[in-house]
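Novice: quick one, fold the following:
(2 chains)
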Protein chains: 2
Amino acid sequence: MNLNIYKNLKRGVESNFINLNPIQRGGVLTVEARKAVLEFADGYSVCDYCFESRVDLVQNPPVRKLTEDIAEFLNMDDVRYTAGCRHAKWAAMHMVGKPGDTVVLDSLAHYTSYLAAEANRLKVVEVPHSGYPEFTIDPHGYAEKFEEVERKTGSLPALALLTHVDYRYGNIGDAKAVGKVCKEYGVPFLLNTAYSSGIMPIDGKRLGVDFLCGSGHKSWAASAPIGILATTYEWNQQIFDKSTIRGDWSGRGFTKKEIALFGCSPVYGAPLMSLMASFPSVVERVKHWDKEVENARYLATQFERIEGFHQMGVKPTQHTLMAFETLPLFEVAATTQKRGYFLYHELKKRKIMGIHPGMSKSFKVNTFGLSRSQIEYVANAFHEIAREHGIPVE
Amino acid sequence: MNLNIYKNLKRGVESNFINLNPIQRGGVLTVEARKAVLEFADGYSVCDYCFESRVDLVQNPPVRKLTEDIAEFLNMDDVRYTAGCRHAKWAAMHMVGKPGDTVVLDSLAHYTSYLAAEANRLKVVEVPHSGYPEFTIDPHGYAEKFEEVERKTGSLPALALLTHVDYRYGNIGDAKAVGKVCKEYGVPFLLNTAYSSGIMPIDGKRLGVDFLCGSGHKSWAASAPIGILATTYEWNQQIFDKSTIRGDWSGRGFTKKEIALFGCSPVYGAPLMSLMASFPSVVERVKHWDKEVENARYLATQFERIEGFHQMGVKPTQHTLMAFETLPLFEVAATTQKRGYFLYHELKKRKIMGIHPGMSKSFKVNTFGLSRSQIEYVANAFHEIAREHGIPVE
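Specialist: Here you go, the predicted model:
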């Protein structure tokens, strides 16, 4: 065992690099979060003053207050923290469904939505998307699938899930319309806001959402893993139902612990405290979402000046996460020694990272939190690389 | 919303305090881990160079190597990271059991063992303990319960769980004997090492363990939440079984993702990297376990010099986590204005913390990682408090 490889660990990402990786932008810590991480990095640091058996109830540090404030911020009634958005989805599905039930979800859903169903022994039925080039989800597709499930199984699906912003094209799903369909059919509605809450304004009640899950490390400037599961008074008893298991010999029971959170969510350190420390900045930053979208649109326009570059998904983009079709890069790749990796290396030279190495037919970027001058720098870098490889720039 | 309460967050634990809280001692970060936390605190920091769809396979930073090294360290064959030991237990139970099955566990098990069963819709049957004052678990009790379950349900339990070191008395369960019983009956054996692996030497194969779960933030000097789930070649295909769910319309599948880990465990930041950075120290520190136990025994001896103080559990203690019966404190509490909190305040004055406030009939401490002089300081403080309140010290 060579233990020296674990010494002096470095991320290998210089702080002066621009990281365009879609999963990274909304999780960059604020200065306050960075301080909180250092203060609360030890094992169970949040539990020094836990007297009520659950982390969401801790008063010092002010977790209980944060729980209330996040509920208000999302316009929901009750909130819990989870070990990532994936656990929040698993928890909601676990508490509304039983093995064999069906979940209807959009066909652009993240893999963790499918896996949450699988780990609950639920079936999935997909609402189709419109295909190339827009890949939109028609809310009416939910009604069709509800009826199809009812016809085939004799009952409505246990849950409907919509990915608010999909991770492939950055389209914003029409949550309000899906919420309306769900209400009409009486199907509970889970909105996955992994790429929306924490970076753009969300009003759960206005969208008709029963359960809302979010990702702290994806979009709330928090340290992984932390997810958020929010719900309404109508559902919070069921979703956050308490343990009723009892020791058959000892009679032990755990009546404060919540089943779907495995008792108490183990986020009691850097994840929760970075979420808390960043919360004031998050409340502020969602007010400037329009400006973020403007910046993204600017980059899209600059990219489309390169011959053969096309933004996919809804246009103009509604989000900072964008996908581009870039066939000319693929043609260049075929002629270089580095093949698909040439773009990666060209960008690295220019201190830009986060484009999946080897990609060249298409790629994704996220501009969230980048300044206009950083975005201009990225645009110029791509123009330069294109020209150097004989791809015309208009 | 008063956002000012989230500014300048402090743990409220001075670094010159001695924290005796049983859950805190093994999770104090090493200096190396503290540096790694700062380096990798951002959202998805470990995923910059993830090319194989799962965090345990990431090569830069060297997670894949760590995965192998931890398996070797525990003398097991394969390892995964989980969002806490609770998720590891849930995962093992999920992959060997089906709803309605039974898990046999020791009656000193942590609540998360019961909850892991409950969140898998499994029943629990407890192996009794011997009661006051030793609270030991007889390995033969597992055989009895296996037969009882088989008689009542027609089949053997899906899993047996032993809490290697219980959180109430710090007793070390006879894992090897339980492993032998499990092998005889053909019942898979899960050993919960939350209070053992990472602080004392563990040899999974020698103990006849099929699944071993551990807690990074409890005992591996890591930042929460991170658990470890280790298994053998006999079981790793089943326990880490890959996703087979498919989109009915899109045909999408996720064949690299593992069902019980919700696809990929979301520990890709401070938790995993602090575990990695502390690993060389952890490998070293388990070699000095004997000395840790010596220190604990010293404190137990000093505590028992106070009239009416008795260590519970096996004597002399085999572990640094110890429980004491302290009836004289209870009698003092009845006469003071602060009631049961007087001890908390007396200790706080002396910069000692981690004894549950309000406790006085009994309390728990953990001496792991404290120096002999710190332990002497604690002993003297208790002697002083006892004398000041008229409790004789021999």
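
Novice: quick one: the helices in chain A?
Specialist: Applying DSSP state H to chain A gives helices spanning A:31-39, A:63-73, A:85-96, A:111-118, A:140-153, A:175-185, A:216-219, A:233-239, A:270-285, A:289-304, A:327-333, A:342-349, A:372-388.

Novice: residue A:157 contacts residue A:188, doesn't it?
Specialist: No: using Cβ atoms under 8 Å, residue A:157 is not in contact with residue A:188; the gap is 9.1 Å. Glycine gets a C-beta too; all of them are placed from N, C-alpha and C.

Novice: between these two, which one's more packed in?
Specialist: Between residue A:157 and residue A:188, counted using other Cβ atoms under 10 Å in any protein chain shown, the more crowded position is residue A:157 (28 against 25).

Novice: so what's that one up against?
Specialist: Taking Cβ atoms under 8 Å, 6 or more residues apart in numbering or on different chains as the contact definition, residue A:157 lies against A:101-104, A:125, A:145-146, A:149, A:187.

Novice: hmm, try it at 6 Å
Specialist: A:102-104, A:149, A:187 (Cβ atoms under 6 Å, 6 or more residues apart in numbering or on different chains).

Novice: got TSV for the residues you listed, with neighbour count and pLDDT too?
Specialist: Shown next, in TSV, are these (neighbours: other Cβ atoms under 10 Å in any protein chain shown; pLDDT from 0 to 100):
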residue	neighbour count	pLDDT
A:102	25	98
A:103	28	98
A:104	28	99
A:149	23	98
A:187	24	98
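
Novice: out of these, who's near chain B?
Specialist: Among the contacts of residue A:157, no residue sits close to chain B (Cβ under 6 Å from any Cβ of the partner chain).

Novice: with those residues in mind, which one is nearest to residue A:341?
Specialist: residue A:103 (38.5 Å; Cβ to Cβ).

Novice: touching, the closest one and residue A:122? I think so.
Specialist: Yes: assessed by Cβ atoms under 6 Å, residue A:103 is found in contact with residue A:122 at 5.2 Å.

Novice: please identify the deepest-packed of the helices of chain A.
Specialist: Counting by mean count of other Cβ atoms under 10 Å in any protein chain shown, helix A:216-219 has the highest mean neighbour count of the helices of chain A, with a mean of 31.

Novice: list of residues touching that one?
Specialist: Outside helix A:216-219, the residues that touch it by Cβ under 6 Å, 6+ apart are A:26-27, A:194, A:198-199, A:222, A:224, A:226, A:275, B:43.

Novice: which members of those are the farthest-apart pair?
Specialist: Maximum distance among the contacts of helix A:216-219 (Cβ to Cβ): 16.2 Å, for A:199 and A:224.

Novice: higher neighbour count, those two?
Specialist: Between residue A:199 and residue A:224, residue A:224 has the larger neighbour count (other Cβ under 10 Å), namely 34 against 28.

Novice: quick one: contacts for that one?
Specialist: With contacts defined as Cβ under 6 Å, 6+ apart, residue A:224 is in contact with A:217, B:43, B:266, B:268-269.

Novice: again, but for residue A:387
Specialist: For residue A:387, the contacting residues are residue A:393, by Cβ under 6 Å, 6+ apart.

Novice: how close does it sit to residue B:43?
Specialist: Between residue A:387 and residue B:43 the computed distance is 34 Å (Cβ to Cβ, to the nearest Å).

Novice: residue A:279 is in contact with residue B:7, isn't it?
Specialist: No: the criterion here is Cβ under 6 Å, and residue A:279 misses it with residue B:7 at 10.1 Å.

Novice: for residue A:61, which non-adjacent residue is closest in space?
Specialist: residue B:9 (5.7 Å; Cβ to Cβ, 6 or more residues apart in numbering or on different chains).

Novice: could you report the neighbour count for that neighbour?
Specialist: By other Cβ under 10 Å, the residues close to residue B:9 number 19.

Novice: equivalent analysis for residue A:55, please.
Specialist: 24.

Novice: now it: closest residue in space that isn't a chain neighbour?
Specialist: Excluding the flanking residues, the one nearest residue A:55 by Cβ to Cβ, 6+ apart is residue A:268, at 4.9 Å.

Novice: residue A:108 too?
Specialist: Residue A:108 sits nearest to residue A:166 (Cβ to Cβ, 6+ apart), 3.8 Å away.

Novice: does the one you found touch residue A:106 like I think?
Specialist: No: look at residue A:166 against residue A:106 with Cβ under 6 Å: they stay out of range, at 7.3 Å.

Novice: what's near enough to touch residue A:288?
Specialist: In this structure, residue A:288 makes contact with no residue, judged by Cβ under 6 Å, 6+ apart.

Novice: oh sorry, the question was meant for residue A:223
Specialist: Residues near residue A:223 by Cβ under 6 Å, 6+ apart: A:37, A:270-271, A:274, B:41, B:269-270.

Novice: any idea how far the residue nearest to residue A:108 lies from residue B:254?
Specialist: 16 Å.

Novice: tell me which of those two has more neighbours.
Specialist: Counting neighbours by other Cβ under 10 Å for residue A:166 and for residue B:254 shows that residue A:166 has the greater number, 27 against 22.

Novice: phi, psi of that one?
Specialist: phi -80, psi 150 (degrees, to the nearest 10).

Novice: contacts only, for residue A:67.
Specialist: With Cβ under 6 Å, 6+ apart, residue A:67 has these contacts: A:56, A:79.

Novice: let's see it at 10 Å
Specialist: Counting by Cβ atoms under 10 Å, 6 or more residues apart in numbering or on different chains, residue A:67 touches A:55-58, A:78-81, A:228, A:230.

Novice: give me the buried subset of those residues.
Specialist: The neighbour-count test (16 or more other Cβ atoms under 10 Å in any protein chain shown) marks A:55-56, A:58, A:78-81, A:228, A:230 as buried among these.

Novice: okay, which residue is most central for chain A?
Specialist: Note on chain A: the residue nearest the mean C-alpha position is residue A:194, at 2.2 Å, using Cα atoms, centre = their mean.

Novice: which residue packs closest to it, ignoring adjacent ones?
Specialist: Distances taken as Cβ to Cβ, 6+ apart put residue A:215 closest to residue A:194, at 4.1 Å, once the chain neighbours are dropped.

Novice: now do residue A:65
Specialist: Here the residue nearest residue A:65, using Cβ to Cβ, 6+ apart, is residue B:5, at 6.3 Å.

Novice: residue contacts, that neighbour?
Specialist: Contacts of residue B:5 by Cβ under 10 Å, 6+ apart are A:61-62, A:65-66, A:69, A:276, A:279-280.
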